[in-house]
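Student: when you get a sec, could you give me coordinates for this:
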Amino acid sequence: MKKLFIIFFLTTVIFSSCKKDDPLVTTPTIDELARDNLYDLMNANYLWYKLMPVVVKEDYKDPYELLDAMKYKTLDRWSFVQTYDEFLAYSQGSFVGHGIRMGLDPTNKVRIAQIYTNSPLYVKGVRRGWIIKKLNGTDLAPIFINRDNTAYNQLIGPAQAGVINTFLFQIPDGRDSSITTTKSSFTLNTVILYDTLHLTSGITGHLVFDQFIPPSNLELETAFAFFKQNNVTDLIVDLRYNGGGDFSVLANISSYIAGAANFNTPFLKLTFNDKNTADNVTYNFKTVSFPLNLTKLITINTRATGSASEDLISGLKPHLNVISIGDTTNGKPVGMILVQYKTNYMFWPITFSVLNSANQGEFYEGIAPEKYVPDDITHDFNDRNEFCLKEAIFYLEHGSASSKGTYPYQPSIQFSEKPERLNNAFILEK
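Tutor: Sure thing, here's the model as predicted:
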């Protein structure tokens with residue numbers, strides 16, 4: 001495309017130079033060239049290309065505006081454009097911020113919902129469940145109650161190293177603690193926690209997994225080597241904030257869980273639009289170093305559980321007893337092929353649908369849990385009083401969900417420093 005365009009441009013200039021009254025030929029901007037490239041990509045590869053609105057590409061100044069105009073919004077909540085630099089930072093796990101996720105508990109207290117090990121606040125002792133009374137002297141609760149994302153962003157400041165914030169925490173012993181911290185650049189850990197639980201049903205592995213990115217593979221290898229060494233018979237995988245990511249990571253973790261009995265058997269099928277049926281492909285479970293031999297898999301989900309996380313659940317169901325606890329998942333049974341435009345943009349249009357080996361998929365309404373249990377941010381992930389973990393343990397020890405009592409439930413209101421749209425990308429490099 002680049003060579004053809006340059007030849008046409010030069011020919012036009014040479015021809016026009018013979019005519020004094022012709023208007024000057026303007027050179028397209030990078031944004032305009034990227035827009036045109038995206039237009040061609042959408043018409044050729046977009047899963048719902050037949051349902052796209054008809055647009056005139058020249059009416060839009062850049063690929064961001066064009067994609068918003070072209071995508072099939074009835075189903076497509078995910079296609080997006082990002083800069084090349086944003087993509088590099090994401091794929092490498094690079095992050096600038098405090099490394100926290102905050103949420104509102106049922107008593108309208110704002111708490112730490114998640115914190116990364118390399119967070120500048122983690123080294124100061126801050127953990128999931130801590131109450132945040134104020135940020136820079138401002139009460140956070142009204143901002144969360146009103147779901148005021150603008151006020152939150154203004155208060156916490158931009159994702160730039162050097163931005164300083166002061167948190168007033170109520171620590172677990174009830175005392176107030178003021179901590180001033182500076183946003184910094186660090187690498188996210190995607191395995192938040194792994195340990196074993198010794199239950200009446202046997203030794204159970206417990207994994208809290210945050211996102212599917214290439215650095216995850218080494219973290220997962222360490223975790224599953226630990227599980228294999230400890231002879232776990234069941235596994236709890238906490239995916240409550242995991243919005244998806246890279247296909248190679250999905251293939252690895254699913255193969256660890258499926259075990260040696262399923263090596264080289266079908267896992268997921270990817271189906272492209274009718275212009276690209278030659279790309280349809282079935283992926284098998286891989287041979288991995290530390291395959292488990294499980295009786296049950298319990299997943300913990302929320303509405304933030306999406307894409308590759310959902311495909312992990314769906315893809316394993318024909319091969320393993322999979323039970324979900326928590327909330328209905330995001331509902332993204334489709335994926336993207338990442339397309340790079342020079343060193344300027346990365347395009348993420350939805351290009352294929354995903355089915356498991358039993359031809360099940362199309363879960364646009366999400367995957368419903370065996371029992372609805374709220375995200376209990378008043379307790380840390382490994383606290384057996386945390387509602388979701390407690391229910392998962394009950395299921396393993398009794399063979400069914402608890403029937404007595406109900407959990408106090410309200411939709412989880414949370415804000416995260418991590419860009420949510422980057423979490424819901426199922427990447428297949430091509």
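
Student: please parse this protein into its domains.
Tutor: In the domain annotation for the chain, the residue ranges read 96-187, 191-423 (automatic domain parsing).

Student: tell me the mean pLDDT over the last one?
Tutor: This predicted structure assigns domain 191-423 an average pLDDT of 93.

Student: and the strands in the stretch 101-250 of the chain?
Tutor: Defined through DSSP state E, counting those that start in this stretch, the strands belonging to the stretch 101-250 of the chain, from first to last, are 110-115, 131-135, 138-139, 164-170, 176-182, 184-187, 191-199, 202-209, 234-238.

Student: most neighbours per residue, which of those?
Tutor: For those, the largest average neighbour count (mean count of other CB atoms under 10 Å) is found in strand 234-238, namely a mean of 24. Where C-beta positions appear, they are placed from N, C-alpha and C, glycine not excepted.

Student: which other helices and strands contact that strand?
Tutor: When contacts are defined as 3 or more CB pairs under 8 Å, 6 or more residues apart in numbering; DSSP states H and E, strand 234-238 sits against strand 191-199, strand 202-209, strand 296-301, helix 387-398.

Student: and if we set it to 10 Å?
Tutor: The elements that strand 234-238 packs onto, with contact taken as 3 or more CB pairs under 10 Å, 6 or more residues apart in numbering; DSSP states H and E, are strand 191-199, strand 202-209, helix 247-258, strand 296-301, helix 308-316, strand 322-326, helix 387-398.

Student: now the end-to-end length of stretch 367-386.
Tutor: This stretch, stretch 367-386, spans 22 Å end to end (CA to CA, to the nearest Å).

Student: show me which residues of that stretch are buried.
Tutor: Judged by neighbour count using 16 or more other CB atoms under 10 Å, the buried positions of stretch 367-386 are 367, 369-371, 373-382, 386.

Student: of the helices and strands packed on strand 234-238, which is nearest Asn231?
Tutor: The minimum distance between Asn231 and the helices and strands packed on strand 234-238 falls on strand 202-209, with 6.0 Å, by CB to CB.

Student: isn't Trp78 up against Thr351?
Tutor: No. Applying CB atoms under 10 Å as the test, Trp78 and Thr351 come out as separate, 11.0 Å apart.

Student: settle it for me: which of these two has more neighbours?
Tutor: More crowded of Trp78 and Thr351, by other CB atoms under 10 Å: Thr351, with 29 against 22.

Student: next SSE after the helix or strand the more buried one falls within?
Tutor: Assigned by DSSP states H and E, Thr351 belongs to strand 350-356. Elements were assigned by DSSP H and E; along the chain past strand 350-356, the next helix or strand is strand 371-372.

Student: which other helices and strands contact that following strand?
Tutor: On a contact count with 3+ CB pairs under 10 Å, 6+ apart, strand 371-372 meets strand 322-326, helix 387-398.

Student: distance between the ends of stretch 44-53?
Tutor: 15 Å.

Student: which residues of the stretch 51-200 of the chain fall in helices?
Tutor: Using DSSP state H, counting those that start in this stretch, the helices assigned to the stretch 51-200 of the chain run over residues 63-70, 84-91, 141-145, 149-156.

Student: weakest of those by average pLDDT?
Tutor: Per-stretch mean pLDDT for the helices of the stretch 51-200 of the chain is lowest at helix 84-91 (a mean of 83).

Student: give me whichever of the domains of the chain is most buried.
Tutor: Of all the domains of the chain, domain 191-423 has the most neighbours on average by mean count of other CB under 10 Å, namely a mean of 19.

Student: now the strands of the stretch 101-250 of the chain as JSON lines including distance to Leu121?
Tutor: Supplementary listing: these in JSON lines, determined by distance: least, CB to CB, whole Å:
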{"stretch": "strand 110-115", "distance to Leu121": "6"}
{"stretch": "strand 131-135", "distance to Leu121": "10"}
{"stretch": "strand 138-139", "distance to Leu121": "18"}
{"stretch": "strand 164-170", "distance to Leu121": "8"}
{"stretch": "strand 176-182", "distance to Leu121": "6"}
{"stretch": "strand 184-187", "distance to Leu121": "11"}
{"stretch": "strand 191-199", "distance to Leu121": "15"}
{"stretch": "strand 202-209", "distance to Leu121": "18"}
{"stretch": "strand 234-238", "distance to Leu121": "21"}
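
Student: out of those strands, which comes closest to Ser314?
Tutor: Relative to Ser314, the nearest member of the strands of the stretch 101-250 of the chain by CB to CB is strand 234-238, separated by 13.7 Å.

Student: quick check: which ranges of the stretch 51-200 of the chain have low pLDDT?
Tutor: Counting by pLDDT under 70, the stretch 51-200 of the chain contains low-confidence ranges at 93.

Student: who's in contact with the nearest residue to Thr83 once chain neighbours are set aside?
Tutor: If you skip the residues right next to it in sequence, Thr83 has Tyr345 as its closest partner in space, 6.3 Å away by CB to CB, 6 or more residues apart in numbering. Tyr345 sits next to 30-31, 33-35, 37-38, 62-64, 81-84, 86-87, 339 when contact means CB atoms under 10 Å, 6 or more residues apart in numbering.

Student: again with Leu294
Tutor: Under the criterion of CB under 10 Å, 6+ apart, the contact partners of Leu294 comprise 204-205, 227, 232-235, 256-259, 316, 320-322.

Student: and if we set it to 6 Å?
Tutor: The neighbours of Leu294, taking CB atoms under 6 Å, 6 or more residues apart in numbering as the test, are Leu235.

Student: how is it assigned, secondary-structure-wise?
Tutor: Taken by DSSP: H, G, I helix; E, B strand; the rest coil, the conformation at Leu294 corresponds to coil.

Student: over to it: give its phi and psi.
Tutor: phi -100, psi 150 (degrees, to the nearest 10).

Student: return the distance of it relative to Leu396.
Tutor: Computed with CB to CB, to the nearest Å, the distance linking Leu294 and Leu396 is 11 Å.

Student: Leu104 reaches Phe144, doesn't it?
Tutor: Yes. Counting by CB atoms under 6 Å, Leu104 touches Phe144, with 4.1 Å between them.

Student: who touches both of those two?
Tutor: Val110, Ile413.

Student: distance check, the closest residue to Ile143 other than its chain neighbours against Lys109.
Tutor: What sits nearest to Ile143 in space, not counting adjacent residues and going by CB to CB, 6+ apart, is Ala151, at 4.8 Å. Look at Ala151 and Lys109: by CB to CB, they are 18 Å apart.

Student: equivalent analysis for Met102, please.
Tutor: Distance check for Met102 against Lys109: by CB to CB, it reads 11 Å.

Student: Ser254 now?
Tutor: For Ser254, the distance to Lys109 equals 37 Å [CB to CB].

Student: any chance of the helices and strands packed on strand 371-372 in TSV, plus distance to Gln360?
Tutor: As requested, those are exported to TSV (distance: least, CB to CB, whole Å):
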stretch	distance to Gln360
strand 322-326	12
helix 387-398	22
